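Undergrad: Whatever this is, show me its structure:
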Amino acid sequence: MEGHAIAFGAGTVINAIANWKGSAFGIELKTEATVEIKGDLIEGEIAGGGDTRLIERACEIVLEKFDIDSGAKIVTSSEVPLASGLKSSSAAANATVLATLRAIRRDMDPLEAVKLGVRAALDTGVSITGAFDDACASMFGGVVMTDNREMELLKREEINSDVVIYVPDKKAFSADTDIRRSRLIAPWVGIAFDLALEGYYRKAMTLNGLLYSQALGFDSGPVFDALELGIKGVSLSGTGPSIVALTSGEETDRLRSAWSAYPGSIIVTAVNNKGAFTFE
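TA: You can find the predicted model right below:
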């Protein structure tokens, strides 16, 4: 029995670490998972290498839920850079959960499937809050707003935009984030969250980006470069180090050119509105 699934990375509107309420949007960078039910052991493999505990635990949780006593082989490959703030873990967990469900021929409400992936992220320590907001953006696409403590999806809306991403050379693992400094900015992050609830996603993400860049010690230069070009929505994504911006038309090319002055790489993609899916 074999299953295949694709889930997507995401960019940040509001980082939930400060007050457990977050917002994110899907991006057109995909993670693919293949799960084959066989043997006695659950073994993961990541194309290009990496820690396989998350995908192994995600598969294990699904098998446990349906009382299936079997091993599995999980293989994932991804366009989402690891430890860059672009939700590679959420995409991997979602893709693995969906591929496992497909392999065992079981159906599940997508929101419940998200919660299984969040549980796997918490169990393996790859996320501080479980990243329910990121996982929902990866699973459903569009922009989502969530209460991560209650694991409640508050709002989802489709938006159409180019996305320009600056990915520095260094990595930043969510589990290593300075939670204390993040909590200090909670009142102002709350203001940004309220803006997002009213639909002002670009203003909200820019405020979020300025706050978290300072709190977590990242260079805010790329954020100000985007603002100088008239771009309204730009933020540190997750706990960094990537910077994401919502752009359109000539803004996209101008920002790509401006950010090319920094060490690292530039990705130009788009908001994903369709969300994760399985296939034969």
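Undergrad: show me where pLDDT drops low in this structure?
TA: Applying pLDDT under 70 to the chain flags residues 171-177.
Undergrad: give me that answer again for 50
TA: Across the chain, nothing is flagged by pLDDT under 50.
Undergrad: all strands in it, in order from the N-terminus.
TA: 2-14, 21-37, 42-46, 72-78, 143-147, 152-157, 162-167, 233-236, 243-247, 265-270, 277-279 (DSSP state E).
Undergrad: Identify the residue spatially nearest to Ala196, adjacent ones excluded.
TA: Ala204 (3.8 Å; CB to CB, 6 or more residues apart in numbering). Where you see a C-beta, it was placed from the backbone N, CA and C, and this is true even at glycine.
Undergrad: so what's the one you found up against?
TA: Applying CB atoms under 8 Å, 6 or more residues apart in numbering to Ala204 gives the contacts 13-14, 23, 192-193, 195-196.
Undergrad: Then Asn160?
TA: Listed by CB under 8 Å, 6+ apart, the contact set of Asn160 reads 270-271, 273.
Undergrad: Show me which of those residues is closest to Ala33.
TA: Proximity of those to Ala33, judged by CB to CB, is greatest for Asn273, which lies at 21.0 Å.
Undergrad: before we move on, the earlier item: any chance of the contacts of Asn160 in a markdown table with distance to Leu227 and neighbour count as columns?
TA: Shown next, in a markdown table, are the contacts of Asn160 (distance: CB to CB, whole Å; neighbours: other CB atoms under 10 Å):
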| residue | distance to Leu227 | neighbour count |
| --- | --- | --- |
| Ala270 | 21 | 16 |
| Val271 | 20 | 22 |
| Asn273 | 26 | 17 |
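Undergrad: Closest one to Ile179 out of those residues, please.
TA: Val271 (28.9 Å).
Undergrad: ok, that closest one - contacts?
TA: Contacts of Val271 by CB under 8 Å, 6+ apart are 25-28, 141-143, 159-161, 163, 246.
Undergrad: Who's the closest spatial neighbour of it, skipping the chain neighbours?
TA: Per CB to CB, 6+ apart, closest to Val271 is Ser161, 5.0 Å.
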